[in-house]
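> show me how the following folds:
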Amino acid sequence: MEFLTAILGLVPCFYDHTSKHTLYVRNLKKNLQEMSKETEALNNLYKDVKARVEREEQRQMVRTNQVGGWIREVEDMVKEVEGILQRGDQETQKRCLQGCCPRNCWSSYKIGKEVSEKLVSVSGLIGRGNFQVVAEMLPPPLVDELPMEETVGPELAYDTACGFLKDPQVGIMGLYGLGGVGKTHLLTKINNNFLKTSNDFEVVIWAEVSQSPDIEKIQEDVSKKLQIPRDRWEIKSSQKEKAAEILRVLKRKRFVLLLDDIWKRLDLLEIGFPHPDAENKSKIIFTTRSPAVCRQMTAQKSIEVACLSSEAAWSLFKKEVGEKTLDSHPHIPRLAQVVAKACKGLPLALITLGRALVDEKDPSTWDKVIQDLSKFPAEISGMEVELFHRLRIREGLLGEVHDMHEAYNQGHKIIKKLKDACLLESCGFREKRVKMQDVIRDMALWLYSECGKEKNKILVYNDVSSLKELAQEITNLKETEKMLLCDRNVEQFPETMESLNLKTLIVNRCHKLKELSSGFFQFMPLIRVLDLADNDNLIELPIEIGKLVALRYLDLSFTKIRELPIELTNLKNLTSLLLNGMESLEIIPQELVSSLISLKFFSMYRRTNVPMVVEESLLNELESLNGIGEIHISICTSPSLNKLKSSQKLLRCLSGLQLNNCEDVISLELSSSILKRLKHLQWLVLHNCSELKDIRIEVEQERAQKNLTLPKDIFGRENHFHALCNVLIRDCSKLLNLTWLVFAPYLEKLDVADCQSMEHVICYGVEENLDVFSRLKYLNLEGLPGLKSIYQHPLLFPSLEILKVYDCKSLRSLPFNFNPSSSNLRKIKGEESWWNQLEWNDETIKHALTPYFQIH
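Presented below is the predicted three-dimensional model:
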C-alpha cells in the first residue's frame, strides 16, 4: 500500500515536469543548502552591523531608524529560516527511490516554495545591509544632570528662585552670598530640577565663569551643548565669529543660561548670549559673592543666599557627623551642638568640620576641637584646605595716599567691597558699624599668622590676669605683633610685658582700670598703634609713654584723664590723635599739639566746655601744623567760631564740627567763600546753643555780584556742603528752621530734638523742583511742639529708611509722594495718637505707609 501511495503521489509531478511548481520539489535540497549558506552570510553581516551600532552608541549616538528596522527584520528572519531548514531537512529524509522521489509531493511542494521565497528575502536583506551610516548624534537633551550631594541647603532662596523662573517679568536673576554658603549647590539644584518638571524651555546651558573668565572656553562648552557641527564651528577663527554663531542658534531657542561664580560684569553678547526679553522668554541665572555684580548684570531680581538657620545647620552637621558618632557617648551631642553653632550657619564650614569629626567618639577630642576652633580653626583636619583656601580674601590693602581724606575714602571703598563680597556685615545703630562673621574672622587671623604657623602673632585676651600665666606658658610672647586686652574686672595690669615685636596694642573696656604702671611700656619699642579708648576710669598716663617714639596712632577717647603728659611732645611720628569724649580733660600743655610735627588727624569732641584759653590755643596750634589734613573738633565760644571761619587752612581740614553750649551765638552766617572751603565737612552738631535763632547761607551770584539769602532763590547747591551727610541738632530752643539744608543735597541723617521754637524744617517759599532730602536715610524729629511742616511740597524720599516722630503734636502732615516699588522705607515710629490725627491729601499714600508704622 505504501508503494502504491508513493506512485500515486508522483502523478501530479509528472503532469508538468517543466513547470516552476516542479522546481520547488526538484530543487528543494539544493535550495536548502543555498538558504543555509545565504543565512550564514546574512548572520555575519548582521553581526558586523550590530557591532558598528554598539560602538556608535557607546559614543552617545543613536542608531538610525533604517538600521534599527533592518536589524529587527534580520532577527525575525533568522528565527523563521531556522524553522524552515529544520522542516526541509525532515522532508528530504522522507524521500524514496534513493532520494529521488518525495513520499508526499504536496508536502514537498509547500516546503520547497517556502524555501525558495525565503531565499529571495534573505538575499534581499543581504543586499540592503551595506550601510554607510549606522548611527547619528543624539538630539541634545534639555538639560545635563549635574552631580549633587543631597544636603541641607538654602530652601527659601531655592523656592524664591523657582518662583521667579515662572515670572515673565524676570529675565535675569542673581544669587549672591558669602563664599561657602551654597550658591553653586543652589544653582545645581535649579539645573537638575528641569529634569523633573515640565517646562517650555528648549535647552538649559551651564557655564563656569570664575574670577578670570575664559571666554573661548565658555564658547566651546556652549557650542558642544548646542551641538553646532564641528566643521561649521572650527572655521570660526575669532571670538567674535564664534559669538555670532552661538547667537544665531540661540535666537531661535527658548533657553535657560546658568552662570556659576561671576566676580564682575560679564558681557553676555561678547559670548553670544541674547538678552532675555518678552519675545524669546529665556532666563539667565547667575551666582556671585557681590550684590554689586547683580546690579552690574542688570538683574531684575537679586536673591541673597543666606547662611542656614540654627535648626537647618544642626541637621546638616548631624548628617555629616553621623548618628553612629553622635550616639557613641552621651556628652557628644551637646558638644556637637557647640561646634555646629560656632560655624554660624555656613554650610561649607559645617560640612568640612562634620566630615573631620566622623568617628571621633572621645568627648575629650571634641573638647579640644572646640578650644582649637575658637583660636586656630585651621588646625582641625580638613579646615585649612577645604575652607580657608576657598575663602581667601583677594582685596588689596590700603596703599599710598596723599592725604587723610583720600585715605578715608579708600578705606570706605575697601569696606564696601568687603561688604559686597559678604565678608563684612553691617551692624549697630543705623548699621553704621561692621562686623565680621566668626569663620571669616578666624580665616583672617589664620592668614595673618602665616597660615597658622605663627600662632602668637595676634593674641586676644578677655582675662588679663592670665597674662602672667601666658608669660610662663608661651615663651614666644616676644613674637606677638598685635594684642587686644579687654577685661571688665581687671583693676591692675602687669608691671611690664616683654613684647619686643608688638606693633599694635588695644586695651578696651577695662572699666576698673585706673592707671598703668611706669614700666608697662618699657619693652614695647616698636609699638605703632596704641588704643586706650573706653577705659572710662583711666585717670592718668605714665610719662614713659613719651618713649614710644615709633607711635603713629594714639586713642585716649572716653577716658577720665585730666591732663595730657608733656612727654607726648616726643612722639614726632604720631599721625593720629583722638581725644573724643574726654569730659575730664582740662589741661593740654601749650605747644604739645604743635610739636607733633607728623600729625595728620586730630579729633576732640565733647559735650562739656574746655577752658576758653585751651580752646583758642588749640586752634592756633592746629593751624600751625604743616601736615594736618583732617580735624574733628568741638568749640563753645564766638571768638573760637570766628577764628575757625577766618582760617582757610582749618576750614579745609574740618571734617566734623560741634558747636557746644555756644550761648553767645545768635546767628550763624556762612558765606559762599566759607562754604567752598568746607568741602570735607561730613558731620555737624549743634548742641545747647540756646540763643541761636537762624543759620543763614549767603550765596554770591558771580555775574550779578549780588548776595541772595534764602528762601528767595537757590542755585549752585552742588558747590556747597557736598560732603555733609550727618546733622544733629539738640536743645537749640530759639532755632526757627533748617532751610539752609537745601544746600546739603547729600545729607543722609538728620536728627533734631528739643527745639521748642521750630515751626518748619524747610521754610515755605522754597521752589518746588528742588532735589531735597533725596539721600536722606534717617530722620528723627523729637520734642518739637511747634513744628508744623517738614517741607511744603511732596517728596519721594527715595533713600529714607527710618522716620521717627515723637512729641510733635502740631505736625499734621507728611510730605510723602510715596512709591512702594522704589522705596527703601523700613519703618515709621511715633505715637499712635499722632499717626491717627495726620491729614492726607491722598488716601492711597496713607494706605501705602500704614504697614510701615510702629507705635513708639
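> all contacts plus neighbour counts: C-alpha atoms, from now on.
Will do.
> quick check, I631 in a helix?
No. Secondary structure of I631 (DSSP: H, G, I helix; E, B strand; the rest coil): strand, not part of a helix.
> pairing partners for it in the sheet, please.
F602, L654 (DSSP bridges).
> what's the separation between it and A723?
14 Å (CA to CA, to the nearest Å).
> who has more neighbours out of the two?
I631 (23 against 17; other CA atoms under 10 Å).
> check contacts around that one.
601-603, 650, 653-656 (CA atoms under 8 Å, 6 or more residues apart in numbering).
> which pair in the residues you listed spans the largest distance?
For the contacts of I631, the maximum inter-member distance is 12.9 Å, found between S603 and L650 (CA to CA).
> so for the two, which sits in the more crowded spot?
For S603 versus L650, neighbours defined as other CA under 10 Å are more numerous around L650 (23 against 20).
> can you tell me the SS state at S690?
Quick answer, by three-state DSSP: S690 is coil.
> quick one: buried residues of the biggest helix by length in the chain?
Taking DSSP state H as the criterion, the chain has its longest helix at helix 28-58. For helix 28-58, burial by neighbour count (16 or more other CA atoms under 10 Å) applies to 28-29, 31-32, 35-36, 38-39, 42-43, 45-46, 49-50, 53-54, 56-57.
> check which element follows that helix along the chain.
Sequence-wise, the next helix or strand downstream of helix 28-58 (DSSP states H and E) is strand 61-63.
> now do that next one: distance to the chain's middle.
In terms of CA atoms, centre = their mean, to the nearest Å, the centre of strand 61-63 is found 44 Å from the chain centre.
> show me what that strand is packed against.
helix 28-58, strand 135-137 (3 or more CA pairs under 8 Å, 6 or more residues apart in numbering; DSSP states H and E).
> helices or strands up against the first one?
For helix 28-58, the elements it packs on are strand 61-63, helix 65-93, helix 105-128, strand 135-137, judged by 3+ CA pairs under 8 Å, 6+ apart.
> buried set for stretch 811-818?
811-816, 818.
> from Q522, how far out is E544?
7 Å.
> kindly apply the preceding question to P851 instead.
Where Q522 is concerned, P851 sits at a distance of 61 Å (CA to CA).
> who's more crowded, those two?
Q522 (18 against 11).
> what about the closest residue to that one other than its chain neighbours, helix or strand, and which?
Closest residue in space to Q522, ignoring its immediate chain neighbours: T496 at 6.8 Å, by CA to CA, 6 or more residues apart in numbering. Here T496, judged by DSSP H and E, is contained in no helix and no strand.
> relative to E567, how far out is T496?
According to CA to CA, T496 and E567 sit 19 Å apart.
> can you check A157 too?
Taking CA to CA, one finds A157 at 59 Å from E567.
> cool, E479 as well?
From E479 to E567 the distance is 28 Å (CA to CA).
> one more: F493?
Distance from F493 to E567, by CA to CA: 22 Å.
> excluding chain neighbours, what is closest to T184?
D260 (6.5 Å).
> am I right that the one you found sits in a strand?
Yes. Applying three-state DSSP, one finds D260 inside a strand.
> beta-bridge partners for it, please?
According to DSSP bridges, E208 are recorded as the beta-bridge partners of D260.
> go ahead and confirm it touches L186.
No. Here D260 does not reach L186: they are 10.2 Å apart, not a contact under CA atoms under 8 Å.
> which SSE is V434 in?
Per DSSP H and E: strand 433-435 holds V434.
> quick one: average confidence on that strand?
Averaged across strand 433-435, pLDDT comes to 78.
> partner strands of that strand, with direction?
Sheet pairing for strand 433-435, using DSSP bridges, gives strand 425-427 (antiparallel).
> centre of the chain to the strand it pairs with, how far?
13 Å.
> give me the residues contacting that strand.
419, 432-437.
> repeat that for stretch 197-211.
So stretch 197-211 is contacted by 140-144, 191, 218, 221-222, 225, 253-264, 282 (CA under 8 Å, 6+ apart).
> so which of the residues you listed belong to helices?
191, 218, 221-222, 225.
> and which of these is nearest D487?
Relative to D487, the closest of the ones in helices among the contacts of stretch 197-211 is N191; by CA to CA it sits at 51.9 Å.
> need the ones in helices among the contacts of stretch 197-211 in TSV (columns: distance to I205, neighbour count and pLDDT).
TSV is the format used below for the ones in helices among the contacts of stretch 197-211 (distance: CA to CA, whole Å; neighbours: other CA atoms under 10 Å; pLDDT from 0 to 100):
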residue	distance to I205	neighbour count	pLDDT
N191	9	20	89
I218	10	16	90
D221	9	15	88
V222	7	20	89
K225	7	18	86
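> and the furthest pair within those residues?
Across the ones in helices among the contacts of stretch 197-211, the two lying at the largest distance from each other (CA to CA) are N191 and I218, at 17.3 Å.
> quick revisit: return the distance of the strand holding V434 from the chain's centre.
16 Å.
> also stretch 50-67?
That offset, for stretch 50-67, works out to 47 Å (CA atoms, centre = their mean).
> that one: end-to-end distance?
End-to-end distance for stretch 50-67, by CA to CA: 9 Å.
> and it, what's its mean pLDDT?
85.
> not counting that stretch itself, show me its contacts.
With CA under 8 Å, 6+ apart, stretch 50-67 has contacts from 71, 131, 133-138.
> how about stretch 660-675?
Contacts for stretch 660-675 (CA under 8 Å, 6+ apart): 607-609, 634-638, 645, 651, 685-700, 719-721.
> quick check on those residues: which are buried?
Looks like these have 607-609, 634-638, 645, 651, 685-700, 720-721 buried, using 16+ other CA under 10 Å.
> sorry, back to before: out of F493 and E567, which sits in the busier spot?
Neighbour comparison, F493 and E567: the larger count goes to F493, with 18 against 15 (by other CA under 10 Å).
> returning to that earlier point: quick one: name whatever helix or strand follows the strand holding V434.
By DSSP H and E, the next helix or strand past strand 433-435 is helix 438-448.
> shaky segments in the stretch 1-150 of the chain?
In the predicted model, the stretch 1-150 of the chain carries pLDDT under 70 at residues 1-29, 31, 86, 88-112, 115-116, 139-140.
> just the pLDDT at L728, thanks.
96.
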